[in-house]
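# next input, structure requested:
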Amino acid sequence: MDLGILKAIGNTPMVEVSVGDTHLMAKLECMNPFGSMKDRAAKSTLLSLLCTNTINKDTTIVESSSGNFAIALSGVCSALGLKCLCVVDSNITNANLQIIKQFGSTIHQIDIPEKNQSNQEKRIETVKKVIAN
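Numbers count the residues shown, from 1 in each chain. From the prediction side, this is the model:
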């Protein structure tokens, strides 16, 4: 399997940060191809599932996220030729929404949650409905 851009995930630079007498090493996870440390989890999870034949090219990956993991999952799915559907809420930034769309993921934006229900609860409820269909 040619991993292409996915080979760059995790090969992030380290820099020394000094504040007074304190010296730290910082790993620049923002340098991952899709912009965050979530790239590592998305790559690892999807490659593991592919290798065990738990998923294949006909599988649609469904995720409840409006942030970095949705972007990472969309990017990794795109690189692997997998379909991805992200259930997002109204708090998603326009930038994140556009990035997810550019990777070819389907977007399902939830309605306003019911009284006493959080956006996350509404997204998870929606994921369950999507999977059931």
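# stretch 47-58: end-to-end distance?
15 Å (Cα to Cα, to the nearest Å).
# those strands in this structure, which residues are they?
All strands of the chain, identified by DSSP state E, fall at 14-19, 22-27, 60-64, 83-88, 106-109.
# of all those, which lies closest to Lys43?
strand 60-64 (12.6 Å; Cβ to Cβ). (C-beta placed from N, C-alpha, C; glycine too.)
# pairing partners for that closest one, with directions?
strand 83-88 (parallel) (DSSP bridges).
# check what contacts the strand it pairs with and list those residues.
Residues from elsewhere that reach strand 83-88 (Cβ atoms under 8 Å, 6 or more residues apart in numbering): 59-66, 70, 73-74, 77-78, 97, 100, 103-110, 123, 126-127, 130.
# swap the cut-off to 7 Å and go again
60-66, 70, 73-74, 77, 97, 100, 105-110, 123, 126-127, 130 (Cβ atoms under 7 Å, 6 or more residues apart in numbering).
# tell me the most buried of the strands of the chain?
Of all these, strand 83-88 carries the top mean neighbour count, a mean of 22, counting by mean count of other Cβ atoms under 10 Å.
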